[in-house]
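A.B. asks: take this sequence and fold it.
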Amino acid sequence: TAGPEVPLAIPYGVYDLGTDAGWVNVGVDHDTSAFAVASIRRWWAARGALDHPAADRLLITADAGGSNSYRYRLWKAELAALAAETGLTITVCHFPPGTSKWNKIEHRLFSQITMNWRGRPLTSHQVVVATIASTRTRTGLRVEAELDTGSYPLGIAVPIGQLRRLPITAHACHGAWNYTIDPTGGELGPVRAEERARARGRALVVLADERLTGMTTAELAELAALLAPAQAALAAQRRFEQRGGPRRRAAGAGSTGLLTDADRVLVTVVYQRQLCSMNVLSDLLGVNANSIGQAIADTRALLAEHGRTIAPSTLRFATADALTAFASGSGEEPPRPRLAERLAEPALTGMPRTELAALTERVVPVLAARAERHRHRQRGGERLPGARGGVFTQKITDPERVLATVLYRRGLGTHDTLAELFEVSRRTIGGVLRDVGPLLDQNGYVATPAATRFTTAAELLDSLPAPHPHDTDTPTS
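C.D. replies: Next up is the predicted model:
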């Protein structure tokens with residue numbers, strides 16, 4: 001039976017077709033994309049650069065899944081960093097899913113390693129490394145192995161915008177599986193692990209701004225200390241369930257997560273304040289959105305158990321850059337014109353404001369009920385404790401949905417015009433019209449055709465009276 005003294009060994013192999021040589025990096029932490037590229041980096045430094053001193057290109061054939069999956073942004077971002085470090089133009093060709101058995105590394109390297117260590121107890125890292133390194137064949141295969149004690153935590157995320165700015169060119173044939181990474185030429189230099197860690201630390205400082213959290217540093221620390229014991233118990237329970245039994249390694253043997261318990265509390269507070277979405281937090285912290293979601297789900301349940309509620313803010317940030325700029329003082333959230341109030345002009349709606357308000361009051365509760373029924377089906381049950389009630393589920397509010405449908409029914413603009421006006425997609429406007437139109441009919445609404453049809457949002461807004469200075473929403477904390 002495995003016990004706490006049994007170490008964890010993760011072999012990642014590199015097989016050089018030209019020299020019939022294998023090199024295996026034996027990790028002790030996690031099999032992540034960062035570990036996979038670190039293994040290639042260590043091979044290049046130990047063998048590749050010596051065996052191929054004049055090389056300026058590197059071809060990598062890899063499986064489609066695992067830590068070197070073609071879907072993983074971190075795999076490609078780390079390879080871009082390796083290309084920049086070594087000056088190599090790196091081309092990657094992934095074997096299509098289900099065909100990895102054709103990879104030469106399976107036939108010529110790992111099959112030989114497996115036969116070499118069969119029947120031999122792998123009792124320590126030293127035994128694993130020595131056994132792999134002793135693999136030889138009559139045809140001349142030689143294998144080297146090294147122990148990698150580095151930390152490769154789970155949950156690192158690379159924003160799609162950052163990936164798009166890297167010098168990665170997809171091939172014409174199956175570009176998702178075949179691509180080339182240049183050592184230079186991207187709009188953004190490759191971000192290395194230590195730089196990500198520093199950026200995450202700076203982002204956490206940004207999130208701790210009192211205007212964002214609604215509490216002082218001391219109050220936030222007090223809340224983190226209050227929840228810490230329950231967080232530790234919850235984490236221990238989850239690890240027990242994942243292992244299916246007692247721990248197999250000594251306490252503290254594994255790596256630490258990207259977010260500490262205090263960080264998880266901070267992220268949850270910011271999210272519960274309704275400042276931004278999980279995707280914004282993911283981009284800001286460089287942490288996978290699933291990890292962010294798990295941290296929030298756990299912590300908000302603990303907040304509910306301790307009777308602590310987080311008051312929502314009126315601030316809203318759609319991007320990580322906007323949040324950072326606000327916290328730094330260089331980008332105060334600009335006042336937002338009361339667009340809905342301006343568009344409710346009788347000249348546009350064809351009815352007095354009081355009549356439009358009454359119609360909206362009748363329709364909005366039905367829209368809200370339908371939306372909640374839809375979310376209930378998606379959740380499969382009641383809303384979890386501490387949930388925010390779907391603050392970011394609609395790109396436009398229910399009253400704006402009614403207003404947009406009235407404007408469309410009057411023939412003031414096309415789907416594209418309304419999409420531009422309300423800053424949503426054409427598809428969203430189409431959904432609004434399908435949802436709200438029948439409800440207007442049920443309430444006896446009959447549109448009077450407008451005299452003018454506008455082709456752009458700018459034309460429609462120019463037709464309105466200038467807004468008064470007080471017609472703005474200035475965010476407050």
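A.B. asks: any idea how many residues pack against residue 25?
C.D. replies: Neighbour count for residue 25, taken as other C-beta atoms under 10 Å: 25. Backbone N, C-alpha and C define where each C-beta goes, glycine included.
A.B. asks: secondary structure element for the residue found closest to it once you drop the neighbours it is linked to in the chain?
C.D. replies: Of all residues not flanking residue 25 in the chain, residue 39 sits nearest, at 3.7 Å (C-beta to C-beta, 6 or more residues apart in numbering). Following DSSP states H and E, one finds residue 39 within helix 33-43.
A.B. asks: roughly how far does the residue nearest to residue 216 when sequence neighbours are not counted sit from residue 217?
C.D. replies: In space, and not counting its chain neighbours, residue 216 is closest to residue 210: 6.0 Å by C-beta to C-beta, 6+ apart. Going from residue 210 to residue 217 by C-beta to C-beta, to the nearest Å gives 7 Å.
A.B. asks: next: residue 163.
C.D. replies: Distance of residue 163 to residue 217, given as C-beta to C-beta: 35 Å.
A.B. asks: okay, domains of the chain per the record?
C.D. replies: Residue ranges for the domains of the chain, per the TED database: 10-181, 193-246+256-328, 335-382+389-463.
A.B. asks: mean confidence score for the shortest one?
C.D. replies: Right, domain 335-382+389-463. Averaged across domain 335-382+389-463, pLDDT comes to 85.
A.B. asks: which stretches of the stretch 301-450 of the chain form strands?
C.D. replies: 336-337 (DSSP state E, counting those that start in this stretch).
A.B. asks: same check on the stretch 151-300 of the chain?
C.D. replies: Taking DSSP E, counting those that start in this stretch, the strands of the stretch 151-300 of the chain run over residues 168-170, 178-181.
A.B. asks: make CSV out of those strands and add mean pLDDT.
C.D. replies: Shown next, in CSV, are the strands of the stretch 151-300 of the chain (pLDDT from 0 to 100):
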stretch, mean pLDDT
strand 168-170, 94
strand 178-181, 96
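A.B. asks: tell me the most buried of those?
C.D. replies: Compared across the strands of the stretch 151-300 of the chain, strand 178-181 shows the largest average neighbour count, a mean of 20 (mean count of other C-beta atoms under 10 Å).
A.B. asks: distance between that one and the chain's centre?
C.D. replies: The chain centre lies 23 Å from the centre of strand 178-181; the measure is C-alpha atoms, centre = their mean, to the nearest Å.
A.B. asks: remind me which residues of the stretch 151-300 of the chain are low pLDDT?
C.D. replies: Applying pLDDT under 70 to the stretch 151-300 of the chain flags residues 185-190, 242-245, 247-256.
A.B. asks: make it 50
C.D. replies: Of all residues in the stretch 151-300 of the chain, none has pLDDT under 50.
A.B. asks: beta partners of residue 148?
C.D. replies: Counting by DSSP bridges, residue 148 forms beta bridges with residue 27.
A.B. asks: got a pLDDT number for it?
C.D. replies: 93.
A.B. asks: check the protein and tell me which residue is nearest its centre.
C.D. replies: The centre of the chain sits closest to residue 289, judged by C-alpha atoms, centre = their mean, with a distance of 3.9 Å.
A.B. asks: that one reaches residue 271, doesn't it?
C.D. replies: No - assessed by C-beta atoms under 8 Å, residue 289 is found out of contact with residue 271, at 11.6 Å.
A.B. asks: need the contact partners of the helix or strand where residue 49 lies.
C.D. replies: Assigned by DSSP H and E, residue 49 belongs to helix 49-51. With C-beta atoms under 8 Å, 6 or more residues apart in numbering as the test, helix 49-51 has contacts from 16, 18-19, 21, 55, 86.
A.B. asks: tell me which stretches of the stretch 351-477 of the chain form helices.
C.D. replies: 353-379, 398-409, 415-422, 426-442, 457-462 (DSSP state H, counting those that start in this stretch).
A.B. asks: what's the third one packed up against?
C.D. replies: In terms of contact count using 3 or more C-beta pairs under 8 Å, 6 or more residues apart in numbering; DSSP states H and E, helix 415-422 is assigned the packing partners helix 339-343, helix 398-409, helix 426-442, helix 457-462.
A.B. asks: dump those helices to TSV, plus distance to residue 149 and mean neighbour count.
C.D. replies: Compiled in TSV, the helices and strands packed on helix 415-422 are given as follows (distance: least, C-beta to C-beta, whole Å; neighbours: other C-beta atoms under 10 Å):
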stretch	distance to residue 149	mean neighbour count
helix 339-343	57	17
helix 398-409	56	22
helix 426-442	50	16
helix 457-462	58	14
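A.B. asks: what about those helices, which gets the closest to residue 151?
C.D. replies: Residue 151 lies closest to helix 426-442 among these, at 43.0 Å (C-beta to C-beta).
A.B. asks: how far off centre is the closest one?
C.D. replies: Relative to its chain's centre, helix 426-442 lies at 31 Å (C-alpha atoms, centre = their mean).
A.B. asks: and for stretch 113-129?
C.D. replies: 38 Å.
A.B. asks: do the same with stretch 100-112
C.D. replies: What separates the centre of stretch 100-112 from the centre of its chain is 33 Å, taken as C-alpha atoms, centre = their mean.
A.B. asks: stretch 198-208 now?
C.D. replies: On C-alpha atoms, centre = their mean, the centre of stretch 198-208 falls 17 Å from that of its chain.
A.B. asks: give the buried residues for it.
C.D. replies: Buried residues in stretch 198-208, defined by neighbour count with 16 or more other C-beta atoms under 10 Å: 200, 203-204, 206-208.
A.B. asks: if we can go back for a sec, wouldn't the residue nearest to residue 25 be in contact with residue 14 here?
C.D. replies: Yes - between residue 39 and residue 14 there is a contact under C-beta under 8 Å: 6.6 Å.
A.B. asks: show me which of the two is the more surrounded one.
C.D. replies: Using other C-beta under 10 Å as the criterion, residue 39 and residue 14 rank with residue 39 on top: 25 against 22.
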